[in-house]
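K.L.:
Pasted the sequence and its predicted model underneath.
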Amino acid sequence: MIFNSIEYLIFLPTVFLLYWFVFNKSIRIQNFLLLVVSYIFYGWWDWRFLSLIIFSSIIDFYCGIYIEKENTKKSKKRWLTLSMLINLGFLGLFKYFNFFSNSLAEAFFSLGYELDTLTLDIVLPVGISFYTFQTMSYTIDVYRGQLKPTKDPVAFFSFVSFFPQLVAGPIERATNLLPQFYNERKFDIIEAKDGLRQILWGLFKKIVIADNCAIIVNQVFDNYTDYSGSSLFIGAVFFAFQIYGDFSGYSDIAIGTARLFGFNLMQNFAFPYFSRDIAEFWRRWHISLTTWFRDYVYIPLGGSRGGTSMKVRNTFIIFIVSGFWHGANWTFIVWGVLNALYFMPLLLLNKNRVNTNALAANHFFVSPKAFFQIILTFLLTIIAWVFFRAPNVHTAFSYLLRMFNKSLLSVPQVSLKPMIFIILLLIIEWIQRNQKHGLELNNVKLNKYIRWFIYYLLIIIIFWFGAEKQDFIYFQF
Amino acid sequence: MKQFIKHSVVFAMGVFLLVFMGLLLPNNNPVRSVDYSLLKKHELLHENNGSKLILTGGSNVIFGFNSKILQTKLNKPVVNHAIHAGYGLKYIVEDVFQYVKKGDIILLSPEYSHFIDNNYLGKEPLLFSLKVKPNNIRLISLGQLLNVAEFIPKFSFDRIKSFVYNKLKPSKPNKNEIGNYTEFSINEFGDHYTHWDDKNKNLTLYNFNGEVNMKVIEFLNNINEEIEKKGAQLILSFPSICETTYETNKNTILKIEETLIKNCNFKILDTPEDYVFNDSLFFDTSYHLNKIGIKNRSEKIAFKLKNEVK
């Protein structure tokens, strides 16, 4: 089931009413309802994949219990290893097996040997990278002693499969989300109203921004040899906004939905295209994944405690793994490496935490220096996005070479219609840059009728200018 | 909580009202789309000129025949009832069924996508057809309604958009240039003919992966029984398709053919390969033939149908 579908339009209010009016006798009953509806939500794609998520939940539920039961670190580690092996094993099998198999064959072929490759004809289960990371965070936190293992299977299974964020995040930490399944949830009208606003804003970003950009992006990337440098540049810029609208839109809908049920999910995007350097960009983009890698990979590797060489090594590892997490293709690895390279000067000059302050605090406009930094950072990200979008590395390089030639200054041959919506998005998000999402109006004194006018206007824009429905990009990860 | 629900319901009602208003708006477009040719096609079907050969299916049929060739060779009145595959096979067949009379032959040529997943229930174009012929709402099942429900808001707002644009900027159509895909692009048989002398365009290629839906076969078998009860005959023929799209989807097409042969209770006239033509014989999509392609297909079908038409 996808958020921008008629099924979800029926599903959400139904679950909402059942949750607050029928299954409201105890937390356990509410959790049970959430578990059932989450499985329905997930099984809507392909019910067979439910077995994977259930199996993964059973393993981690018991691993958590046994980690706590064991007395020695060695035996605790054994259970953690089992959890990691099974979770990463599934991920490896479904997501990376064919990539490794084909890459090995290509490597042998380049050495003059022909290898019969074994590839699996399997479909990637939706959201496997997201829920696998979420459930792994649980066993790691239990192992580290940061979290008591739960004895309540319903709460745990609901935590793993919580439908708003199950298929595309935010990747929640067990320490944040799991305790919310133990505590009584009270309906908070302010939270619920703002949740609906966040859902509306998410739909705007997905349907108006991402889906309109997708039309031009597909056209340009599929026929990039036919286009001038300026058109390719526009294609790359539109892709930057497509992926932002798509993914942050999904996150907004997920967070907004969770708020309707009394849950608080972590912020996943904080207006990333207003970043003044790459380090800031990564503090604002896909925050749940970045912090996951920081806490569970970067810091255990030594983080920035060692010397410069260790910092450099760890940074490269983190970006390459992050790239690889997105998909089994060299393009994602190059995308990761490129981001690591962008990060290096800041790291080596110890300037990666310079821009942690609020942007244009107490001013409406940003300073010329910060403006220049924002533009430069954005340009760097769009070069990296070309690798992310291209089907292979060769195409990405070829795209960039064609983009950076004298025709870069010519008049683009593609429609610039999405630019109007992008400008609208940027203006609204700039005004709202210190809020949690673009439509947060909790601290704004506005007449009810003006508020409603804004909501209706946004709905009209969504229906009027919304493009043909496209799948969410991050479902494939 | 009560206040929240009350406000949410009132707000949602406002949205529904807006959508509903869009559905009711009249079509003030100076040139109406080919969907409106349905009205003329219904008149042709209604004419009392003896038993007919009724061609139906999706756009592969309206863009795939010269009915005059068939009428001459088979000596039987021909009506081309087809318009758009997006109406869904169920709606197309049930719409034509209303007009079927004793002795009629219904030559049904569905697009391959009709057999995949739930496409036989229709997509957004079905809403256009209902706009043209609101009475046909009685043909719509709950399954069809659910299948097209997600398109309703967009459809409604497109109506509002078009209505507002036409009000703000009214344009007069050039009567000498009918153009393609309009209400008047069809000839006296119902064939789309205005493109016959046009140059080929870049072909839209299709990829129709998915599972063959057995409910489609079940539906066709059931409707066949009803057609037979009326003393008419249903014959299935495969659509014309360009080589490139055929090669891309060969496995799916052969699977569809195999399933049909195994499970259909009515006559299948031909094989998919019979109508795989070179890409140069297509006008703008993988299903829409140009003048030469139309002639080839019409003659081929006329020859194959000779034994069926007595």
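P.N.:
Cool, the structure landed. Because the structure is predicted, anything quoted here is derived from the model rather than measured.
K.L.:
Enumerate the residues of chain A near chain B.
P.N.:
Residues of chain A lying close to chain B (CB under 8 Å from any CB of the partner chain) are A:5-6, A:20, A:187, A:189, A:192-193, A:196, A:452, A:455-456, A:459-460, A:463-464, A:466, A:469. For every residue, glycine as well, the C-beta is placed using N, CA and C.
K.L.:
Show me the strands in the chain, by range?
P.N.:
With no chain named, the answer covers chain A. With DSSP state E as the criterion, chain A has no strands.
K.L.:
not quite, I wanted chain B
P.N.:
Under the criterion DSSP E, strands of chain B are mapped to B:53-57, B:78-80, B:105-109, B:233-236, B:241-242, B:267-268, B:276-277.
K.L.:
For the fifth one, which outside residues touch it?
P.N.:
Meaning strand B:241-242. B:60, B:112, B:203, B:205, B:253, B:272, B:275-279, B:281-282, B:286-287 (CB atoms under 8 Å, 6 or more residues apart in numbering or on different chains).
K.L.:
And for the fourth one?
P.N.:
Contacts of strand B:233-236 with the rest of the structure, by CB under 8 Å, 6+ apart, involve B:104-110, B:220, B:223-224, B:227-228, B:260, B:264, B:266-269, B:305, B:308.
K.L.:
How far does that strand sit from its chain's centre?
P.N.:
Computed by CA atoms, centre = their mean, to the nearest Å, the chain-centroid distance of strand B:233-236 equals 16 Å.
K.L.:
Partner strands of it, with direction?
P.N.:
Within its sheet, strand B:233-236 is paired with strand B:105-109 (parallel), strand B:267-268 (parallel), according to DSSP bridges.
K.L.:
What angle do strand B:53-57 and the longest one make with each other?
P.N.:
Orientation of strand B:105-109 against strand B:53-57 (axes from the mean of the first three to the mean of the last three CA atoms, to 10 degrees) gives an angle of 20 degrees.
K.L.:
just the CA coordinates of strand B:105-109, formatted as PDB?
P.N.:
Output of strand B:105-109 as PDB, limited to C-alpha atoms (Å, rounded to 0.1, in the frame of the first residue of the first chain):
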ATOM      1  CA  ILE B 105     -20.700 -11.300 -35.000                       C
ATOM      2  CA  ILE B 106     -18.600  -9.500 -32.400                       C
ATOM      3  CA  LEU B 107     -15.000  -9.600 -33.300                       C
ATOM      4  CA  LEU B 108     -13.200  -8.700 -30.100                       C
ATOM      5  CA  SER B 109      -9.600  -7.800 -30.200                       C
END
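K.L.:
Outside of that strand itself, list whatever touches it.
P.N.:
With contact meaning CB under 8 Å, 6+ apart, strand B:105-109 is reached by B:51-58, B:60-61, B:64, B:76, B:82, B:93, B:96, B:100, B:220, B:227, B:232-239, B:269, B:301, B:305, B:308-309.
K.L.:
next one: phi and psi at the residue sitting furthest away from the middle of chain A?
P.N.:
Most distant from the centre of chain A: residue A:112, at 40.5 Å, with distances by CA atoms, centre = their mean. Backbone dihedrals for residue A:112, given as degrees, to the nearest 10, come out at phi 100, psi 10.
K.L.:
And it, how far from chain B?
P.N.:
Distance of residue A:112 to chain B, computed by CB to the nearest CB, to the nearest Å: 33 Å.
K.L.:
residues from chain B in reach of chain A?
P.N.:
B:1, B:3-4, B:8, B:11, B:14-15, B:18-19, B:146, B:149-150, B:153-154, B:156-157, B:160-161.
K.L.:
For chain A, which residues score under the pLDDT cut-off?
P.N.:
For chain A, applying pLDDT under 70 flags the ranges A:117-121, A:471, A:474-477.
K.L.:
quick one, domains of it?
P.N.:
Per automatic domain parsing, the domain ranges recorded for chain A read A:6-185, A:190-276+A:355-476.
K.L.:
Not counting its neighbours along the chain, what's nearest residue 191?
P.N.:
Chain wasn't specified; assuming chain A. residue A:259 (4.8 Å; CB to CB, 6 or more residues apart in numbering or on different chains).
K.L.:
was after chain B, sorry
P.N.:
Nearest non-adjacent residue to residue B:191, counting by CB to CB, 6+ apart: residue B:80, 4.8 Å away.
K.L.:
Verify the contact between residue A:335 and residue A:384 for me.
P.N.:
Yes: using CB atoms under 8 Å, residue A:335 is in contact with residue A:384, at 5.3 Å.
K.L.:
Of those two, which one has the most company?
P.N.:
More neighbours surround residue A:335 than the other of residue A:335 and residue A:384, with 28 against 22 (other CB atoms under 10 Å in any protein chain shown).
K.L.:
how much space between the residue nearest to the more buried one when sequence neighbours are not counted and residue A:220?
P.N.:
Leaving aside its sequence neighbours, residue A:335 sits nearest to residue A:387 (CB to CB, 6+ apart; 4.3 Å). Distance, residue A:387 to residue A:220, by CB to CB, to the nearest Å: 15 Å.
K.L.:
and the residues of chain B next to chain A, which are buried?
P.N.:
Listed as buried from those are B:4, B:18-19, B:150, B:153-154, B:156-157, B:160; burial here means 16 or more other CB atoms under 10 Å in any protein chain shown.
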